[in-house]
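**Student:** build me a structure from this.
(3 chains)
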Amino acid sequence: MSLISLDNVAFGYSRKQQVLHDVSFSLRPGVNVGLVGESGSGKSTILKLLLGLARPTSGRIQFGDAELNPGNRAFMRDYRKAVQAVFQDPYSSLDPRQKVQSIIAEPLRALRIPGSHQEAIEKAIHDVGLPADAIDRYPHEFSGGQRQRIAIARAIVARPQLILADEAVSALDLSTRARIVDLLKALSADMTILLVSHDLAVVAALCEEIVILQKGRVVESGKTADILANPAHPYTQKLLASVPRMPA
Amino acid sequence: MSLLDIRGLTLSTGGQTLVSDVSFSIAPGERLGLIGESGSGKSLTALATIGLLPRGFRVQGSIKLDGHEVVGASESAMIALRGAAAATVFQEPLTALNPLMKVGRQVAEPVIRRHRRAGETVDRAAVAREVRSLLERVSLPDIDRIVKSYPYEISGGQRQRVAIAMALACRPKLLIADEPTTALDVTTQVEILDLLSGLVREDGMALLFISHDLPVVARVTENVIVLRRGEVIEQGQVHAVFDAPKHDYTRSLVDAATAFDKALGPSR
Amino acid sequence: MSGQVETAAARPRLSRRSLTLNIGLFLVGMHVTVALLTLVWTPYDPTGMTGGRLEAPSWAHWAGTDRLGRDLFTQIMIGSRIALIVGFGAVAIAATIGVTLGVLSAFATRYLDDILAAAFDILIAFPTLLLAMLVVAATESASLFSATLALGIAISAIVARLTRILAKRILSMDYITAARTAGASWPSIVFRHLLPNIWPMLAVNFALQFGLAVIAEASLSYLGLGAPPPNASWGRLLQEAQGTVYTAPFGAIAPGIALVTLVIGMNLLADGLREAGDPTRRGRQ
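**Tutor:** Residues are numbered from 1 along each chain as shown, chains lettered A, B, ... in the order given. Model prediction:
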């Protein structure tokens, strides 16, 4: 059974400004999916819908056996327990006035998750490869890569089933990017990742399946290996040809 | 003689040394890539080259740009040098353009400035013609519309093309490009990279290309310098450095880039 | 050739921060102490004619005497109390109304936000003097309370507009989206993320408004719309000294000095507190 599925989802700010048309795909447990698209592709809008920050204008998003309904508080609490997010900019995604401890504790606190929060926080810190004393410090004391680890710790602390990663490594340097991709890959043993990105190489390194978006439509989707080896849609071909490669 | 010759450049601020003892030179027409991650001092080195360091920096060593010493030069001497000797294209094309000025006027400014400095009379029609030919050179479509557009009305890739046209308008001997494609889409990035490398070849301009992205650098330059924590750790031809990195750090970068490359499968 | 050059301001400024905070604390502390002292003791009876008319400063009368022969220093001390009441009172009223409305506006739907924003602008354009006259009319007497209330309402519009702009900027940050997706409720976002992050900018503005309120109260008193006699507000002292400013300039200079030290002190204090409370500046020299 799928974790989340989008069925013919459309979204528009007005009739003239349709951002998404007829988008359908599903996320199955244990299968990382890369949602690939460039600016204007509608990938951020899909993310917004999946985060419950907006509702589709038509179509439905199914979570388990219920429809995603941002208005239903009890439902959203269960949904948020299952679905957490990591954002692109590690500088603006952490509150500069809170200690790391409090930042990571946020989902536990907000979702009123029972049990020892301290233990969960320490485990999350350990799982993302940060030193234990990180919890008493402020975000500005860390580098970009470490900040992204803090953001990941916040996303995994409540043990969600799905992590929505919005360009989570795009702002990072090459070697840091490789390390964070490795971390996400290791974490995906216990949870599923939806990586929204414009970077095919990162998606190829992390995701088993790809959904290619162009101008609000899914133009191609399937197994990563198949699509990379045999891109069918001209846009996919163009995307793939545009990635700068190491000199042979 | 080198166009840019940096000797023993050390930059420090607030007791911290951010660039230490960096030396390299660029010959006329040479294309050099400056590779480094954030905090490596690559952008500071570029800013020092054109005398635009932020306040509070202590500069030691020597930077000779087109035969003129930049370290300790007065602002008026630098203004005369900027543009003619070196022009810059920055990472973020949106903030690099004045949001309240139409593209045509924006590109006309450096054109007019160059003519005035050469002591020539500025003819409006001639400037307009030159602006159009510059916009054609950066392969902008529908130039009639673009000259009358404000920066927010055109796409990110088009804005970066405008920024490149403005740099070209100065007819510099050295073009400094600081992560010029980082903010762009992948398909736009490759177009801008090819445009840049074509232009510098055509005009015989030297290029200092700054980036953390190895394949991107390899696409436009022939030589590279690897900076780490403000120090030059490796330099040489792109192929030599990428094929047989001598320094562990360079090797880790090359490995990371190669791993992402491999994940994509064979290139076609 | 090799050179060594420093761009401007190369050396770190040595704990300028604590100096700012300390001077601010000292100046404001001095006024608070004096104000409290006047509740139990003053050098002279403020209304008693304890000296000659318009005497110059002397050991007996540190700031001289006014045209009725009352001790000016005593009146300035009492003026401290009035200034602090007006300043803190007006800022407290403005902060309560302004921050609430500003945050509300930032969270509101676009329609409501537009209405509130327009209301703030209208209120800001409304002359404070006219507002004070309306409040006096409504409360049926010119008093310290009516002046403070009028100033508080006038300032609240400025605070609301500033809060709205600052809050909108913070609300667009990823950490707010992150908090929302973590399941945080609106009150929790306001009190945990929003207010702590806009507080430093607000605090500096409060200090500025405090100073302006004290000055504005002086103007209102000067026009007879503030605290009535025998309340020795600095504004009234200035008004009374106006006629004799050529013959006895100290009558105007002394309350002027008191006013300036309090306003500067408040600004330094706010600046110092803001820097001391910022984790990104802590531990830095």
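
**Student:** now do the contacts for the closest residue to residue B:213 other than its chain neighbours.
**Tutor:** What sits nearest to residue B:213 in space, not counting adjacent residues and going by C-beta to C-beta, 6 or more residues apart in numbering or on different chains, is residue A:174, at 6.5 Å. Where you see a C-beta, it was placed from the backbone N, CA and C, and this is true even at glycine. Residues in contact with residue A:174 (C-beta atoms under 8 Å, 6 or more residues apart in numbering or on different chains) are B:37, B:212-214, B:253, B:256-257.

**Student:** swap in residue B:85?
**Tutor:** For residue B:85, the contacting residues are B:3, B:65-66, B:68, B:172-174, by C-beta under 8 Å, 6+ apart.

**Student:** one more: residue B:246?
**Tutor:** When contacts are counted by C-beta under 8 Å, 6+ apart, residue B:246 is found next to residue B:234.

**Student:** tell me the SS of it?
**Tutor:** Under the three-state scheme (DSSP: H, G, I helix; E, B strand; the rest coil), residue B:246 adopts coil.

**Student:** how near is it to residue B:184?
**Tutor:** 32 Å (C-beta to C-beta, to the nearest Å).

**Student:** before we move on, the earlier item: filter the contacts of residue A:174 down to the buried ones.
**Tutor:** Neighbour-count burial (16 or more other C-beta atoms under 10 Å in any protein chain shown) applied to the contacts of residue A:174 gives B:37, B:212-214, B:253, B:256-257.

**Student:** redo those as JSON lines? Include secondary structure and distance to residue B:233.
**Tutor:** Conversion of the buried ones among the contacts of residue A:174 to JSON lines gives the following (DSSP: H, G, I helix; E, B strand; the rest coil; distance: C-beta to C-beta, whole Å):
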{"residue": "B:37", "secondary structure": "coil", "distance to residue B:233": "12"}
{"residue": "B:212", "secondary structure": "coil", "distance to residue B:233": "14"}
{"residue": "B:213", "secondary structure": "coil", "distance to residue B:233": "18"}
{"residue": "B:214", "secondary structure": "helix", "distance to residue B:233": "14"}
{"residue": "B:253", "secondary structure": "helix", "distance to residue B:233": "10"}
{"residue": "B:256", "secondary structure": "helix", "distance to residue B:233": "16"}
{"residue": "B:257", "secondary structure": "helix", "distance to residue B:233": "16"}
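
**Student:** check the residues you listed and tell me the two furthest apart.
**Tutor:** Spanning the widest gap among these are B:37 and B:257, at 12.2 Å by C-beta to C-beta.

**Student:** what about the longest helix anywhere in chain C, near chain A?
**Tutor:** In chain C, with assignment by DSSP state H, the single longest helix is helix C:72-107. No - Helix C:72-107 does not reach chain A (C-beta under 8 Å from any C-beta of the partner chain); its nearest approach is 14.1 Å.

**Student:** list the buried ones in that helix?
**Tutor:** By 16+ other C-beta under 10 Å, the buried positions in helix C:72-107 come out as C:72-91, C:93-95, C:97-99, C:101-107.

**Student:** stretch B:151-168 now?
**Tutor:** Buried positions in stretch B:151-168, judged by neighbour count with 16+ other C-beta under 10 Å: B:151, B:154, B:156-168.

**Student:** at the geometric centre of chain C, which residue sits there?
**Tutor:** By C-alpha atoms, centre = their mean, the mean C-alpha position of chain C lies nearest to residue C:210, the distance being 0.6 Å.

**Student:** next one: the helix or strand where that one lies to chain centre, how far?
**Tutor:** Using DSSP states H and E, residue C:210 sits within helix C:195-222. Centroid separation for helix C:195-222 versus its chain: 3 Å, with C-alpha atoms, centre = their mean, to the nearest Å.

**Student:** residues in contact with the helix or strand following that helix?
**Tutor:** Where DSSP H and E defines the elements, the next helix or strand beyond helix C:195-222 is helix C:234-242. For helix C:234-242, contacts defined as C-beta under 8 Å, 6+ apart pick out C:66-67, C:72, C:75-76, C:79, C:82-83, C:214, C:217-222, C:226-227, C:229, C:248, C:251-252, C:254-256, C:258-259.

**Student:** list only buried entries from those residues.
**Tutor:** Among these, those classed as buried by 16+ other C-beta under 10 Å are C:66, C:72, C:75-76, C:79, C:82-83, C:214, C:217-222, C:226-227, C:248, C:251-252, C:254-256, C:258-259.

**Student:** least trustworthy helix or strand in chain C by mean pLDDT?
**Tutor:** Least confident helix or strand, chain C: strand C:3-6 with a mean of 55, by mean pLDDT, DSSP states H and E.

**Student:** what of chain B?
**Tutor:** Scoring the helices and strands of chain B by mean pLDDT, DSSP H and E places helix B:93-96 at the bottom, with a mean of 81.

**Student:** could you identify the helix or strand that succeeds it?
**Tutor:** Next along from helix B:93-96, by DSSP H and E: helix B:103-117.

**Student:** show me what that following helix is packed against.
**Tutor:** In this structure, helix B:103-117 makes packing contacts with helix B:124-137, helix B:143-147, helix B:156-169, judged by 3 or more C-beta pairs under 8 Å, 6 or more residues apart in numbering or on different chains; DSSP states H and E.

**Student:** what does it contact?
**Tutor:** Helix B:103-117 is contacted from outside by B:80, B:83-84, B:87, B:97-98, B:121-122, B:127-128, B:130-131, B:134-135, B:146-151, B:154, B:162, B:165-167, B:169-171, using C-beta under 8 Å, 6+ apart.
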